[in-house]
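> Predicted structure and sequence below. I'll ask about it afterward.
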Amino acid sequence: MAEYVCVKETAALVKVPEGVELMPLGGMSYAYLTAMPFIRDEGRVKPGDHVLINGAASSVGAMALQLAKHFGAEVTAVASGRHRALLQRLGADHVIDRQGTDFTAARKSYDVVFDAVGKSRFAQAAPALKPGGIYLTTVPSWGIFALMLSGGQRGGKRGKLATTGLRSESDKLKDLHVLNRLLEQGAIRAVTDRVFPLNQIVEAHRYVEREVKAGDVVVAMPVAQGPLLLAQQGVAVGA
């Protein structure tokens, strides 16, 4: 964490849309640049698809939920039951309480299963996929690597880990312009659980590690003093 960072002129940076608050975007932009490639490019989510998002109350999960709805899917959100109302406000058609129901018990129900928190495995989730369906995860494991090295599919169902952080700056920049349009349309919104000042960064990480948050935890940077005045900004902690 730092108050300032030096970036190239060609870095993935865009101006915040008029009338949109800056602070929440510190967390939202990270989640969006992870969720969008999974939902749009890997899952190829389209109208009528049935999509399940495991960890739907996480930073990436909450964004993936909104994007899947934007692309016209019927979305099942898996999270702690205490987040039910939030997930419904974000557009979830169905909410599964992870503490009471195992989503992998479903059979041939989903076109896409996106594990935004990496708590499941392809072998567990595959029965819940329709024929030709795809399982996506944000967390690397030997199992998903082995599957991808062997062709990426088993039993007519696919699985993939996407390294979204390694995409080119130009691809990220294009998607940030898309993010601005979505914000202006009101198609998606930031979900901020808590904001911590920079001098409470340890407490911020401890809170994230408790795995009870919904959406983003943002660290607020101090406002610059002197001849260079900058608006207060935020950065995300955890996913």
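Structure's in. What do you need? Numbers count the residues shown, from 1 in each chain.
> So which residue is dead centre in the protein?
residue 60 (1.6 Å; CA atoms, centre = their mean).
> Would you confirm that that residue contacts residue 34?
Yes: Residue 60 is within contact range of residue 34, at 4.9 Å (criterion: CB atoms under 8 Å). Bear in mind the C-beta positions are built from the backbone N, C-alpha and C, glycine included.
> List the neighbouring strands of the lengthiest strand in the chain plus their orientation.
Looking across the chain with DSSP state E, the single longest strand is strand 129-137. Strand pairing for strand 129-137, using DSSP bridges, gives strand 110-115 (parallel), strand 157-161 (parallel).
> List the contacts of residue 38.
Applying CB atoms under 8 Å, 6 or more residues apart in numbering to residue 38 gives the contacts 64, 114, 136, 138, 162, 164.
> For these, which single residue is the most surrounded?
residue 64 (32 neighbours; other CB atoms under 10 Å).
> What strand or helix carries that residue?
In this structure, residue 64 sits in helix 59-70 according to DSSP states H and E.
> could I have that helix exported to PDB, CA atoms only?
Output of helix 59-70 as PDB, limited to C-alpha atoms (Å, rounded to 0.1, in the frame of the first residue of the first chain):
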ATOM      1  CA  SER A  59     -15.600  -8.600  -4.400                       C
ATOM      2  CA  VAL A  60     -15.200 -10.500  -7.700                       C
ATOM      3  CA  GLY A  61     -18.400 -12.500  -7.100                       C
ATOM      4  CA  ALA A  62     -20.600  -9.500  -6.600                       C
ATOM      5  CA  MET A  63     -19.300  -8.000  -9.800                       C
ATOM      6  CA  ALA A  64     -19.700 -11.300 -11.700                       C
ATOM      7  CA  LEU A  65     -23.300 -11.500 -10.600                       C
ATOM      8  CA  GLN A  66     -24.100  -8.100 -12.000                       C
ATOM      9  CA  LEU A  67     -22.300  -8.700 -15.300                       C
ATOM     10  CA  ALA A  68     -24.000 -12.100 -15.800                       C
ATOM     11  CA  LYS A  69     -27.400 -10.400 -15.300                       C
ATOM     12  CA  HIS A  70     -26.300  -7.600 -17.700                       C
END
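> Show me what it packs onto, helices and strands only.
Counting by 3 or more CB pairs under 8 Å, 6 or more residues apart in numbering; DSSP states H and E, the packing neighbours recorded for helix 59-70 are helix 25-36, strand 50-54, strand 74-79, helix 84-89, strand 110-115.
> Please identify which of these is closest to residue 96.
strand 74-79 (4.6 Å; CB to CB).
> Can you pull out the residues in contact with that closest one?
With contacts defined as CB under 8 Å, 6+ apart, strand 74-79 is touched by 48-58, 61, 65, 68-69, 87, 90-98, 103, 110, 214.
> Flag the shaky bits of the protein, pLDDT-wise.
224-239 (pLDDT under 70).
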